[in-house]
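Student: what's the 3D shape of this:
(2 chains)
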Amino acid sequence: MATKTVEFNVGQGREMGLGGAGAASPIAPFDIPEPEVGTEQMLINIGPQHPATHGVLRLVCELDGETVTSVTPHIGYLHSSFEKLGEYRTWNQIVPLTDRMDYLAPLIYNCAYVMSVEKLMGIEVTERCKVVRVILMELDRIFGHLLWLGTTAIDVGAFTPFLYSFQQREKIYSLHEALTGARITTSATRVGGMMADLPEGWLEQLLEFLDNFPKTLAEVHHLLTGNQIHIGRTQGVGTISAAEAINYGFTGPNLRAAGVPYDVRKDRPYYDYETYDFDVPVGEHGDCYDRYLCRMEEMEQSVSIIRQAMARLPDGPINVDDPNVSLPSKTDAMSDMESMIHHFKLITDGIPAPEGDCYMAIEASKGELGMYVVAEEGGTKPVRWRVRPPSFVNLSVIPKLAEGHLLSDLIMINASLDIVLGEIDR
Amino acid sequence: MADEQKSGLDAVDEGPLGSDTTEAPEQTSTGDPSEHPSVAALLERFASEVQRHQLTAGDQWVVWINPERSHEILSWLKDDLDQAYDMMSDVTGVDYGGGRPVEVVYQMFSTAHSRALRLRCPLPLDAMEIDSVVDLWKSADWLEREVFDLFGVTFKGHPDLRRILMPDDYAEGHPLRKDFPLRGRFSRAEQTRRALAQDVERFYLAENLEAGDPQEVEATEVGTVADSGAGTLPAPAEAGEDD
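Tutor: Residues are numbered from 1 along each chain as shown, chains lettered A, B, ... in the order given. So this is what the prediction gives:
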């Protein structure tokens, strides 16, 4: 029978182990037979219904004691085949499918999709529309990061940041609702513009949020950034090197935490991002703590970008002035014959696209979000609509990150990747 | 596009029409390849393997290459210092229907040169195979599994080619192919029958989860669960070993 030397409480205070009278006596190592139980690899199934998986994700872990030796993620529980559904819909009818993917930052997905279609069709949106979309995308970056912040803090046992961040998310929900009528399923964009211009008083409401939000962020900083427990749980956990992070397909804050300054807004600018003054926070160690710091800083940068965008928000129309792309106003459609015909053609046929394909990458809150559309000549529906999902690729790295860590660290690593299963499964 | 006589869900079921032609468009090229260093270099180095190239959506370059030598070309694009495409952003498929080849699409980005490139490899329907690039970019792992799952393209040399979004025992084919009807191949009744016939617990049996020697699993509890329902059921999923 196999035996092994066991030393109890080595490395810890002796008193902690024994206590009382035994505390003073030295602990001598002695041989005991290795117990039958607990020497074999153990399989633990986490999920698909488990709060720490942040969605319907199933992780099958192989454990040696408490150390994870391998993780196999199983996904697809939310698969709705959005991409297949998209092939049966006209260009504008796809917009509602996009916000159901990343329901934590829906406006980014709305914008990314129509940006790709507009690029394919060669439509240049108005200046006002560009700036409004920048505001909305940055607002939803904060929106997405706030959910990550709250839920991740809960995973390491800090409950208060969850309440703080959800209080602020509620304010953004109200902004969504004022703009689109919906809190999550925004569907705010249309090819060539927006569903509607900003309502009256919306910018003031946004300004109020921007004034109050940094205070909350500072409070959370105060609670977590220097917190011993938080540092102990996150520093050195789930590290990845810069070269590996690129090779494994990390994007977004996860990649930047590893020290790669790749940000689509800077490297492949769209919507005049090169003219905004903002920093791209870059980490050093590629661990959970650096991912945390990167996202915290990104929220502050987003506040700054929104303020700059609000300062330059031009007047003018929000939709392109092209009757083959934008719907006429209801008044025109009801009183003017030509507008009515355009309205009818747009609704029944849709917008014809040229032959070709277009891959539009933007910086979503989770990473590089690519929208790839393929069209045939004159097609009013896509031949193929593909979403390059950032958290799908980010999640695929988890077996590498978690290997050799404790089971409790796996939960932290999973949380730090900021995944959303709606988009992973699509 | 849809027949006006039909309405409601009938029209939805009809869905996208297959391509009118069975052949891909003529082997034409547009744009000046010297604008994009990688396209020019590809044309020079792999002239016989480049089928055509195109400038699309304003500033995006697409190169169609011979799928049989895709791995060699992709590996050169990654390792050559003047190309250095270190980021494989996306691997996906496109099916035009109508018998046209299914195309595997690679979206690459070079962080060193800040340059993007798209490669497309048309695969004839009777030879849906292409070399895996997981050995070059780890990010291709799940992306290729998804293309395998939804299009039925086999990636040769992939370390773990299993279905990823659809269930392991999904029997209806590959959903993103144009010949796959929107509501699935099986009738609603058949889908319901299969769903009800599933023994959910078999996915959680230790013998399916176990990666090591099955003899190590304690026999008592497993035995009772398996005996109670195994008689009428199909064999457990083959993929259990990988779990």
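Student: Please export the C-alpha coordinates of the strand or helix carrying residue B:192 as CSV.
Tutor: Element membership for residue B:192 (DSSP states H and E) is helix B:188-197. Provided in CSV are the C-alpha atoms of helix B:188-197 (Å, rounded to 0.1, in the frame of the first residue of the first chain):
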residue,chain,number,x,y,z
ARG,B,188,-42.3,19.0,-35.1
ALA,B,189,-43.7,15.6,-34.0
GLU,B,190,-40.4,13.9,-34.5
GLN,B,191,-38.5,16.7,-32.7
THR,B,192,-40.9,16.4,-29.8
ARG,B,193,-40.6,12.7,-29.7
ARG,B,194,-36.8,12.8,-29.6
ALA,B,195,-36.8,15.5,-27.0
LEU,B,196,-39.1,13.5,-24.7
ALA,B,197,-37.2,10.2,-25.4
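Student: tell me the mean pLDDT over it?
Tutor: On average, the pLDDT along helix B:188-197 is 85.
Student: can you check stretch B:34-44 too?
Tutor: 83.
Student: Could you do stretch B:147-154 as well?
Tutor: Stretch B:147-154 comes out at a mean pLDDT of 92.
Student: same thing with stretch A:414-426?
Tutor: Rounded mean pLDDT across stretch A:414-426 is 89.
Student: what about it, distance to the chain center?
Tutor: Centroid displacement of stretch A:414-426 relative to its chain, using Cα atoms, centre = their mean, to the nearest Å, is 7 Å.
Student: Need the distance between the two termini of it.
Tutor: End-to-end distance for stretch A:414-426: 19 Å, by Cα to Cα, to the nearest Å.
Student: can you tell if it touches chain B?
Tutor: Yes: Stretch A:414-426 reaches chain B (Cβ under 8 Å from any Cβ of the partner chain) through A:425, A:426. Bear in mind the C-beta positions are built from the backbone N, C-alpha and C, glycine included.
Student: what residues are up against residue A:76?
Tutor: For residue A:76, the contact set (Cβ atoms under 8 Å, 6 or more residues apart in numbering or on different chains) comprises A:425, B:163, B:164, B:165, B:166, B:167.
Student: okay, the residue of chain B found nearest chain A: pLDDT?
Tutor: Chain B approaches chain A most closely through residue B:139 (2.4 Å), counting by Cβ to the nearest Cβ. Residue B:139 carries a pLDDT value of 90.
Student: mind checking the backbone torsions on it?
Tutor: Residue B:139 adopts backbone torsions of phi -60, psi -20, taken as degrees, to the nearest 10.
Student: In contact with it, which residues?
Tutor: Shown in contact with residue B:139 (Cβ under 8 Å, 6+ apart): A:247, A:248, A:249, A:393, A:396, B:87, B:88, B:89.
Student: Which of the contacts of residue A:76 ranks first by neighbour count?
Tutor: Of all the contacts of residue A:76, the highest neighbour tally under other Cβ atoms under 10 Å in any protein chain shown goes to residue B:164, namely 26 neighbours.
Student: Who are the contact partners of the closest residue to that residue other than its chain neighbours?
Tutor: Nearest-residue entry for residue B:164: residue B:145, 4.3 Å, with adjacent residues in sequence omitted and distances by Cβ to Cβ, 6 or more residues apart in numbering or on different chains. Residue B:145 makes contact with B:158, B:160, B:161, B:162, B:163, B:164, according to Cβ under 8 Å, 6+ apart.
Student: Show me which pair in the residues you listed is furthest apart.
Tutor: The span of the contacts of residue B:145, defined through Cβ to Cβ, is set by B:158 and B:163 at 12.5 Å.
Student: which residues do those two both contact?
Tutor: Here residue B:158 and residue B:163 have B:145, B:148 as joint contacts, going by Cβ under 8 Å, 6+ apart.
Student: Specify the local secondary structure of the residue lying closest to residue B:118 once chain neighbours are set aside.
Tutor: In space, and not counting its chain neighbours, residue B:118 is closest to residue B:62: 4.7 Å by Cβ to Cβ, 6+ apart. Classification of residue B:62 by DSSP: H, G, I helix; E, B strand; the rest coil places it in strand.
Student: List the beta-bridge partners for residue B:62.
Tutor: Beta-bridge partners recorded for residue B:62 (DSSP bridges): residue B:54, residue B:118.
Student: give the contact list for it.
Tutor: Counting by Cβ under 8 Å, 6+ apart, residue B:62 touches A:357, B:53, B:54, B:55, B:56, B:118, B:119, B:120.
Student: That one and residue B:38: what is the separation?
Tutor: In this view, residue B:62 and residue B:38 are 12 Å apart by Cβ to Cβ, to the nearest Å.
Student: Ok, residue B:76 next?
Tutor: 10 Å.
Student: Who has more neighbours out of the two?
Tutor: Counting neighbours by other Cβ under 10 Å for residue B:76 and for residue B:38 shows that residue B:38 has the greater number, 23 against 16.
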